[in-house]
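Peer 1: below is the structure, and that's it, no one-letter string:
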């Protein structure tokens with residue numbers, strides 16, 4: 001699949017559309033962690049014990065399928081999801097012929113940071129640093 005490149009405006013518009021899906025992804029991740037850490041012990045090994053184990057495993061795998069299906073849909077829309085727990089999502093863009101990534105966390109209303117490809121999240125810089133140059137570049141492209 002080819003990379004999808006976004007302008008700041010396009011990425012911010014996509015954020016509004018995907019926010020419910022990202023929030024659902026977080027909820028599923030939390031549920032999966034909880035199910036994965038659930039251990040049930042019985043005094044006797046009756047049929048109810050085995051049935052409960054099967055139901056727990058079934059629920060875990062259904063949620064796992066739902067999680068990865070949703071994750072795949074977000075990736076197909078152009079989201080680069082590096083860390084589900086921290087819900088950091090990047091969007092490819094270009095600035096002065098160089099590939100960059102816009103950064104977004106679900107706790108943020110819009111794109112507020114960016115970084116170069118290959119840099120980690122500690123190198124995030126304010127979008128305002130490039131916003132003016134970025135819009136100038138977009139106008140030149142028209």
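Peer 2: In hand now; what should we look at? In this text, all values refer to a predicted model and were calculated from it rather than measured experimentally.
Peer 1: residue contacts, the residue most central in space within the chain?
Peer 2: For the chain, the residue nearest the mean C-alpha position is residue 81 (4.0 Å; C-alpha atoms, centre = their mean). Applying C-beta atoms under 8 Å, 6 or more residues apart in numbering to residue 81 gives the contacts 71, 74-75, 88-90. From N, CA and C alone the C-beta is placed, and that goes for glycine too.
Peer 1: apply 6 Å and report the result again.
Peer 2: residue 89 (C-beta atoms under 6 Å, 6 or more residues apart in numbering).
Peer 1: would you say it is within a helix?
Peer 2: No. Residue 81 is assigned strand when assessed by DSSP: H, G, I helix; E, B strand; the rest coil, not a helix.
Peer 1: quick one, grab the pLDDT at it.
Peer 2: Note on residue 81: pLDDT of 90.
Peer 1: now it, which residues is it bridged with?
Peer 2: residue 89 (DSSP bridges).
Peer 1: what's the neighbour count on the residue nearest to residue 98 when sequence neighbours are not counted?
Peer 2: Spatially, and ignoring its direct neighbours in sequence, residue 98 is nearest to residue 116 (7.3 Å; C-beta to C-beta, 6 or more residues apart in numbering). When neighbours are defined as other C-beta atoms under 10 Å, residue 116 has 12 of them.
Peer 1: how near is residue 116 to residue 79?
Peer 2: 18 Å (C-beta to C-beta, to the nearest Å).
Peer 1: what of residue 120?
Peer 2: 18 Å.
Peer 1: for residue 130, same thing?
Peer 2: 20 Å.
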